[in-house]
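Enquirer: Can you look at this prediction? I've put the sequence above it.
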Amino acid sequence: MSTQPQSKPASEPDRLRTAGGLYGHVVETLGNEITGGHMPAQQIIYAAQLTERFGISRSVVRESIRTLSSMGLLEARPQVGTRVLPIERWDLLNPRIIAWRASGPDALVQQRELIELRLGIEPLAARLAAERIDDEVAQELVRCADAMHAAIQERDSFRFFEVDSLFHRLLLTASKNQLITKFFAAIDAGLRVRENLPPSQLNVRATELHVDLARALVARDPAMASQLATRILEQTLLELEEGDGF
C-alpha cells in the first residue's frame with residue numbers, strides 16, 4: 001500500500017514570513033501609536049490583547065514586540081507584560097521612528113532637532129570632503145545640485161528630494177569618515193518626510209547654495225565648503241521657523 005508523504009510542519013520563521021504582511025501592519029500601527037502619544041510611557045500591553053485586536057498568532061505578536069523593543073519603544077517583562085518606554089529610551093535616529101514621529105505631534109520638534117544635529121555634522125563633513133573628495137564624486141555633486149534646480153523649475157517635489165538625498169549621501173561619504181557616514185540614514189529619513197511639500201515651498205535660495213557648495217568641493221576649498229554647508233542648514237531652519245511658528 002502506497003502512502004503519501006506527509007507535509008513537514010511549518011517552522012516558526014516560515015509562519016512569520018507567511019504572516020509578513022500582518023507583522024508589518026502590527027509594527028507600523030503600534031510604532032505610530034507609541035510615537036504619537038496614543039500609548040503613553042509605562043502603559044502595559046499584553047500579548048493576548050494584541051492577538052485579539054489584530055487577529056494574529058502569538059508568534060507574530062512576539063516578533064512584533066521584539067522589533068519594537070529593539071528600537072527602544074517597548075520592554076517585555078516576564079510575569080508583568082510589555083511596557084511602553086519613554087522617549088528617552090527610543091532610538092531617535094532610527095529611520096522608522098523618524099518616519100513615525102513625522103506624522104505625529106512631535107513632527108516639527110523632530111525636524112528642528114534633526115537640522116540642529118546636521119549643523120554639527122555636515123559642515124565638518126563638507127570641510128573634510130573638500131580635502132578628500134574624488135574628482136568623479138565632486139562632479140556628481142555638481143550634477144545633483146543642477147538637477148535640484150531643474151526639479152524646482154519643473155515643480156517636481158518628489159524629484160527634488162530624491163536628488164537632495166543623493167547630494168547629502170555623496171557629501172557625507174566624500175568625507176571618508178565612517179562615523180560621519182553612519183548618520184546618513186537619519187538625515188535621509190528627515191529629508192524624506194518632506195517629499196510631499198507643495199512645489200511652492202521648495203526654496204530656490206537653498207538650491208543655489210547647494211550649487212555653490214558643489215563648486216567649492218570641486219575647487220577643493222575646505223573653509224568655503226564648510227561655510228556653505230552651514231548656510232544651507234541655517235536657511236532650512238529659518239524656513240521651518242518662519243513656516244511653522246517656532
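Expert: Yes, it's here. Numbering: from 1, shown residues only.

Enquirer: Per the annotation, how does this protein divide into domains?
Expert: What the record gives for the chain is the domain set 13-89, 95-244, from automatic domain parsing.

Enquirer: Name the residues of the helix or strand containing residue 137 that are buried.
Expert: Using DSSP states H and E, residue 137 sits within helix 135-153. Along helix 135-153, these residues count as buried under the neighbour rule (16 or more other Cβ atoms under 10 Å): 138, 140-142, 144-145, 147-149, 151-152. Any C-beta I mention is one placed from the backbone N, CA and C, and that applies to glycine too.

Enquirer: got it, and stretch 165-176?
Expert: In stretch 165-176, counting by 16+ other Cβ under 10 Å, buried: 165-175.

Enquirer: Which pLDDT does the model give the residue minimising distance to the centre of the chain?
Expert: Nearest to the mean C-alpha position of the chain, by Cα atoms, centre = their mean, lies residue 189 at 2.2 Å. Note for residue 189: predicted pLDDT of 94.

Enquirer: is it true that it touches residue 95?
Expert: Yes. Counting by Cβ atoms under 8 Å, residue 189 touches residue 95, with 3.8 Å between them.

Enquirer: so where is this protein shaky, pLDDT-wise?
Expert: 1-20, 195-202, 243-246 (pLDDT under 70).

Enquirer: Now with 50, please.
Expert: Residues of the chain that meet the criterion pLDDT under 50 lie in 1-19, 245-246.

Enquirer: Looking at it, which helix is longest?
Expert: Determined from DSSP state H, the single longest helix within the chain is helix 107-132.

Enquirer: which other helices and strands contact that helix?
Expert: Applying 3 or more Cβ pairs under 8 Å, 6 or more residues apart in numbering; DSSP states H and E, one finds that helix 107-132 contacts helix 95-101, helix 157-174, helix 178-181, helix 184-192, helix 204-218, helix 222-244.
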